[in-house]
Structure formats: C-alpha cells, structure tokens
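[1] Give me coordinates for this.
(one chain, ligands or ions: 2)
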Amino acid sequence: MKYAALIDNEKFEIREGELRVKRNPIIKVTHVGVCGTDLGQWKEGSHHKDLVIGHEYSGIIVEPGTTGLFKEGDRVAGYTQNVFNEPCGHCENCLNEDFDNCTNRKVYTWKGGDYTHPGAYSQYTTWFPKSIYKLPDGIELDEAALIEPFTVGLHAVLLTEMKPDDKVLVLGGGIIGLAISEWLKVYGASEITVTEMNKEKIELIKSFGIVDHVVASDAKDIDEQLQTISQGGYDIVFDCTGIASAIDTGIKALKQEFKKKFTAVGLPHAPVSINYERIVLKEVILRGSKGHQFHEFRTVARMVADKKLDVKKYITTRIKLSEVQAGFEGLKARRGADVKAVIEID
Ligand SMILES: [Zn+2]
Ligand SMILES: [Zn+2]
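    Numbering: from 1, shown residues only. Ligands and ions are numbered 1, 2, ... in the order given. Prediction:
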C-alpha cells in the first residue's frame, strides 16, 4: 500500500509499505480531513520523522478482523480517541498477541500515527475497533471526514450552555469557528458574528449564509465595529484562535453586564498574556473546551445523514494522496483561505 510519511520540515514522502495488524479491522481509507494539527506537524516534520498523520478519516472495511463488530464493506469513520481503553492490535506487543501490554492503549490519535500507530494519510489504516464508527446511510464518505471538527464545535456549544437569543461572537473563521456557528444556529443564537483575518475567506464565509456578520480581525476599529454590530456587546464569545490580541478583543466585546461567558477552544502555541483585569471586573465566566465525546460524534453523523447539517459546503479544497506534498504547499501559500481541505485517497 501507499502512504505519506513525514521526512523533514514541510516534506512528505510517498512510500510503499505494509500495514501489520492482528485482530483489528483493516480500513481502506477513502477520505481524510486536513486538520490544523496536521499542518503544524508537517511544518515541523523533522521532529516527526517517519510519522504517518491523519485522524479525521472515513473509509470502508476490507478485513473485518475478529471482533465481530464489522463486516466487509461497512462504511466507517474513525473516532479519534481510544475512549474504551482497548488494545490497538498493531503495536509490537499486540503483534505478539500480548494484548494486555499494548503500548498504545492510552494514545490519542491527534498525536498522529507512527509505525505502531497508523495514521490515515495512507491507502489503508486501522484503529481501536470500538472507536471505529459505523456510518448511517445517507452520509457520504467525504462528509464523514468532517464529522470530527463538527463534533469539536458541538462539544464547545453544549459546554457553554447558551440561551436562545444569545448574541454570540466567534473569534476565528476556520472550520472549528464555522462548526461552532452552525451549532449556534441550531441552538437558536439570535445573532452570530465571526472575526477572520484572511480577506478571501471573509467573502467565502459570507457566501455560506450561516453567520450574520463577518469582521476583519485586523481592522483598526474592530472594538467599535463589534460594539456597533452587537448594539452593546455579546452574551457569549468563543475563541478559536488561541491568540492573545483576539482573546482581548473578545473579552472587551462581552456585554458590560456581569456573568457573560467566554469559551476557549483554540489551543495557543505558547502562554498567552491577556488583560486579566477585565475578566475580574466583568465577572466573566471563563471555561475551556477540548475535543469531544463519543455521543457527540454520533449526533453529528446522524444530523448530516438526515440532511439537517450541510458540512459538504465547507470542503473548499480536495487533494489527492499522491499529490499531498504539492497540496500542502498550496495550503501554506493560501495562508488560511481554505476552509477545509480533504485528501482523497487514490
Ligand atoms: Zn483534527
Ligand atoms: Zn497495541
């Protein structure tokens, strides 16, 4: 089989190799979403030599394994965490049938894969059997590769316990910010404003018709713009950037009334320095949101299958696995203009 391995900073190499597994099902990967963390690992490829990344995938079972959970031809998506604490079936100990000493038991996919922990930038992959989700009819395989980011959005919105009619500001118009916006709509937000840096993407976001206002995050008068749009401030802010200046803008944009909510979703790359005083004076309810839960994964898949959630429009870029290197160079050159890139396994 062919797979893409990281070999150096910003460098993939397409290789030919074998997937060795015991017990687990083998999945023929059809689609894999390019996550922000994938781009980060590609940029720092010299630290991830030989790594096979890719965790937002969908595909078809070609070898059901011995668990009895699957049959050949089942359409599936990978749930990205080993929530059921299963042995992986593909580390050195599992290959020797010493499943009790599996070295991957507590490993989460967002770390990417390696030879013992295969990622999905590959023609075939495998995963913890109970964490492979059988897709309902009605959801297409490319859509299924977007379940994960929409689950991250759902998790953040559920944790925040918004009230219908809340006015909401979302900092960062990437796929997570837009997924949050979709769920805000579902749960009845009265007004959604998104901030975004990339000019081209601002127009794209407007064209989706989901959010009410899109504001350039580098606008000099952003604070005034947000006050005018919200007519006195927001009830809730979601941060999907992890950037100090954006976070400060968000806290400033909350209503002066007490107990407004700020939910931190974007992971900063380094400690951030923010205006803490405002959090105290406004009695801001600050909380973090990380990842998702299995039942949320099911909810997203069901909503897409029932045509209540249109995720397909967010696939703005398609890249063939054999051209993944050029594809990633393109993503870098467009500096965030893409909403979601999906790799099609050829
Ligand atoms: Zn991801
Ligand atoms: Zn194992």
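
[2] Distance-wise, check the spatially closest residue to Gly33 that is not a sequence neighbour relative to Ala5.
    Leaving aside its sequence neighbours, Gly33 sits nearest to Glu56 (CB to CB, 6 or more residues apart in numbering; 3.4 Å). C-betas here are computed from N, CA, C, even on glycine. Distance of Glu56 to Ala5, given as CB to CB, to the nearest Å: 18 Å.

[3] so who does the nearest residue to Asp310 once chain neighbours are set aside touch?
    Spatial nearest neighbour of Asp310, excluding adjacent residues (CB to CB, 6+ apart): Val304 at 7.9 Å. Counting by CB atoms under 8 Å, 6 or more residues apart in numbering, Val304 touches Gly138, Ile139, Glu143, Ala144, Leu146, Ile147, Phe150, Asp310, Val311.

[4] Can I get stretch 293-305 in CSV? Just the C-alpha atoms.
    Extracted in CSV, the C-alpha atoms of stretch 293-305 (Å, rounded to 0.1, in the frame of the first residue of the first chain):
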residue,chain,number,x,y,z
GLN,A,293,-17.3,12.8,23.3
PHE,A,294,-18.4,9.7,21.5
HIS,A,295,-22.2,10.5,21.7
GLU,A,296,-21.5,13.9,20.1
PHE,A,297,-19.8,12.1,17.2
ARG,A,298,-23.0,10.1,16.8
THR,A,299,-25.1,13.2,16.9
VAL,A,300,-23.1,14.9,14.1
ALA,A,301,-23.2,11.8,11.8
ARG,A,302,-26.9,11.5,12.3
MET,A,303,-27.6,15.2,11.6
VAL,A,304,-25.6,15.0,8.4
ALA,A,305,-27.2,11.8,7.3
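
[5] Quick one: mean pLDDT for it?
    Averaging pLDDT along stretch 293-305 yields 94.

[6] Please spell out which residues along that stretch are buried.
    Glu296, Phe297, Thr299, Val300, Ala301, Met303, Val304, Ala305 (16 or more other CB atoms under 10 Å).

[7] Who are the contact partners of the residue of the stretch 151-300 of the chain found nearest ligand 2?
    As assessed by CB to the ion, ligand 2 sits closest to Phe294 within the stretch 151-300 of the chain, at 20.2 Å. By CB under 8 Å, 6+ apart, Phe294 lies in contact with Tyr79, Val83, Ser131.

[8] From those residues, list the ones also adjacent to ligand 2.
    Among these, no residue lies close to ligand 2 (CB under 5 Å from the ion).

[9] For PyMOL, what selects the buried ones among those residues?
    Command for PyMOL, covering only those of these found buried under the criterion 16+ other CB under 10 Å:
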select buried, resi 79+131
